[in-house]
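Visitor: would you be able to build a 3D model of this:
(2 chains)
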Amino acid sequence: MSTETQTRSGQQLIKDARARIEELDPSQVNEILEAARNNGSADDAPVILDVREQQEFEQGYIPGAVHVPRGHLETRIEQAVPDRHRRVIAYCSTQNRSALAALTMKELLGYDDVAVMTGGFTLWKDRGYAFERPLSLTPEQRERYSRHLLIPEVGLKGQQKLLEAKVLLIGAGGLGSPAALYLAAAGVGTLGIVDNDEVDLSNLQRQVIHNTERIGELKVESAKRTIESLNPDVNVIPHAVRLDSDNVLDLIRDYDVIVDGADNFPTRYLLNDAAVRERKPVVHASILGFDGQLTTFIPYEGPCYRCLYPQPPPAELAPSCGANGVLGVLPGIMGLLQANEVIKLVIDAGEPLVGRLLLFEALTTQFTQLRVRRDAEGCPTCGDGVDLENTEFEDYEALCAAAG
Amino acid sequence: MATVKIPPVLRPSVSGMSEIEVQGSTVGEILSGLAGQHPDTRGQLFAEDGELNRFVNVYVNDEDVRVQQGLETGVGAGDTVVILPAMAGGCLGA
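Guide: As a prediction, the model looks like this:
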């Protein structure tokens, strides 16, 4: 028995492996990924397999890549890629480890279609193709969010989703104040706030994100300061404007979830139509006196605001809190119920309040739940066949004025 | 006898009550009965053609009467009828 014939240099081994494995340029891999994205079906798209070490992976990886370090290939690959007929494209930092991994998969583990990306992640990044970095919590974040990390429904994954989430609050008033405070405390990474109003003494009975020293200050700036001292992880984006048909699409486009705490019907109808058009979920609450209403609108999955209220009521039946008053804790309760709905949507846990309208009566402490259905036939916003893309937004001020 | 829940905006029209017991076996009978007892509510509930105003939702046992039989929807003794107009308020300002 001779050992000579089996001894090869490492370089030779890699060279032999590369000769037996299909090689793809990063540009080809990028095309394949784009085609798969446009196709929409992830099932027959090739698996992108990252075989580098954990520390390398943490510096960045190709979006959607499955990570199995080469040293764990034999023990973990079957779990990561159960289908041996599926196409696999392996990469490392150059192409040496991925070539060896690919050869092992093909010749010893029975995977029939394994290719390697030449130049690896180094070339991929140099060419300017998209990559992601895994979020990992700092020791301080682990401490700050420790009570979230202990709940399985949140955990590290949920907390990372919260940190990546972008939530837009319409209004930094009665509903927006508690919602913003608790969403910030929960670690929602980006909070946009739309409000062009200034802090007034009469706000402070319920708008707990502001304080007496801030009277006269823009609400968005006051809210930003409070949030930043509560949680530096949160990036607050102040939008000191009034939501209107010219700015609504640009305002909502970059956010994942919208919290509707508006104080008037034209804004609520406009927001609804824009959110349906952009397919953004809206967590809605409204309040008056001792009574609150809450629901979550997810476009086309459930009803929208127009399915629930096709027409605004006339002015005498639509008093404002400014005119009729409101119990200070009521927006606190309703705003926190909104924050709860937002968090559930972001971490994808529980049952969203879709198709259900929750009424709260503070005076008797009663909750009532009503069913709301999408009006696919008649809704002027989300009804079948309504082409929102090519429709101008209605004149909601006129719509609401006409109702009166 | 059904219980009708009165929303805040209608309470001034019913002497401030938040719940009223009304006789009737359909939504139409009950709301007409309510309007009979409290005439100020009539214009708020009904349009001139006698149909429900579009901006008022009425629920019998948690389901919108518009997906049931409208004003003909049956109401049993002990059922709850909820009258629900949209509310604007989030109390941004004033």
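
Visitor: excluding its backbone neighbours, what's nearest A:Gln160?
Guide: The shortest distance from A:Gln160 to any non-neighbouring residue, by CB to CB, 6 or more residues apart in numbering or on different chains, is to A:Leu135 (4.5 Å). All C-beta spots, glycine's among them, are computed from the backbone N, C-alpha and C.

Visitor: again with A:Gly261
Guide: That would be A:Leu175: by CB to CB, 6+ apart, it lies 3.2 Å from A:Gly261.

Visitor: tally of neighbours for that neighbour?
Guide: Using other CB atoms under 10 Å in any protein chain shown, the number of residues around A:Leu175 comes to 39.

Visitor: wait, doesn't it sit right on A:Ala339?
Guide: No: the pair A:Leu175 / A:Ala339 is not scored as a contact, 9.7 Å apart, by CB atoms under 8 Å.

Visitor: quick check: neighbours shared by those two?
Guide: A:Val259 (CB atoms under 8 Å, 6 or more residues apart in numbering or on different chains).

Visitor: next up, the contacts around residue 45.
Guide: Assuming you mean chain A. Going by CB under 8 Å, 6+ apart, A:Ala45 touches A:Ile32, A:Leu33, A:Ala36, A:Asn39.

Visitor: oops, I was thinking of chain B
Guide: The contact partners of B:Leu45, taken as CB under 8 Å, 6+ apart, are B:Leu31, B:Leu34, B:Ala35, B:Leu52, B:Asn53, B:Val56, B:Ile83.

Visitor: can you name the two of these that sit furthest apart?
Guide: Spatial extent of the contacts of B:Leu45 (CB to CB) is set by the pair B:Leu34 and B:Asn53 at 13.8 Å.

Visitor: in which helix or strand does A:Pro134 reside?
Guide: Remark: A:Pro134 resides in no helix or strand, with elements defined by DSSP states H and E.

Visitor: distance of the residue nearest to A:Gly261 relative to A:Pro281?
Guide: According to CB to CB, to the nearest Å, A:Leu175 and A:Pro281 sit 16 Å apart.

Visitor: and the strands in chain A?
Guide: Taking DSSP state E to define them, one finds strands in chain A at A:22-24, A:47-50, A:66-67, A:88-91, A:114-117, A:166-170, A:190-194, A:235-239, A:257-260, A:282-288, A:291-297, A:356-361, A:366-371.

Visitor: compare B:Leu34 and B:Asn53 (neighbour count), which wins?
Guide: The neighbour comparison of B:Leu34 against B:Asn53 (other CB under 10 Å) goes to B:Leu34, with 23 against 19.

Visitor: tell me if that one really is in a helix.
Guide: Yes: assessed with DSSP: H, G, I helix; E, B strand; the rest coil, B:Leu34 lies in a helix.

Visitor: need the pLDDT of it.
Guide: We have a pLDDT of 96 for B:Leu34.

Visitor: what of A:Pro312?
Guide: Value for A:Pro312, per-residue pLDDT: 84.

Visitor: could you give the number of residues near it?
Guide: By other CB under 10 Å, 25 other residues sit near A:Pro312.

Visitor: so how far is A:Asp25 from it?
Guide: 58 Å.

Visitor: try A:Glu397
Guide: 57 Å.

Visitor: ok, those two, which is more surrounded?
Guide: Legend: neighbour count by other CB under 10 Å for A:Glu397 and A:Asp25, higher for A:Glu397 (16 against 13).

Visitor: the more buried one against A:Pro266, yeah?
Guide: Yes: the pair A:Glu397 / A:Pro266 is scored as a contact, 4.9 Å apart, by CB under 8 Å.

Visitor: returning to that earlier point: contacts only, for the residue nearest to A:Gln160.
Guide: A:Gln160, A:Leu163, A:Glu164.

Visitor: so what's it scoring on pLDDT?
Guide: Predicted confidence (pLDDT) for A:Leu135: 70.

Visitor: burial count for the residue nearest to A:Asp126 when sequence neighbours are not counted?
Guide: If the residues on either side of it in the chain are set aside, A:Asp126 comes closest to A:Gly119, at 7.9 Å by CB to CB, 6+ apart. Neighbour count of A:Gly119, defined by other CB under 10 Å: 19.

Visitor: separation between A:Gly119 and A:Pro26?
Guide: Separation of A:Gly119 from A:Pro26 (CB to CB): 6 Å.

Visitor: doesn't B:Asp3 lie inside a helix?
Guide: Small correction: residue B:3 is Thr, not Asp. No: counting by three-state DSSP, B:Thr3 is not found in a helix; it is strand.

Visitor: quick one: the helices in chain B?
Guide: Along chain B, counting by DSSP state H, helices occupy B:27-37, B:42-45.
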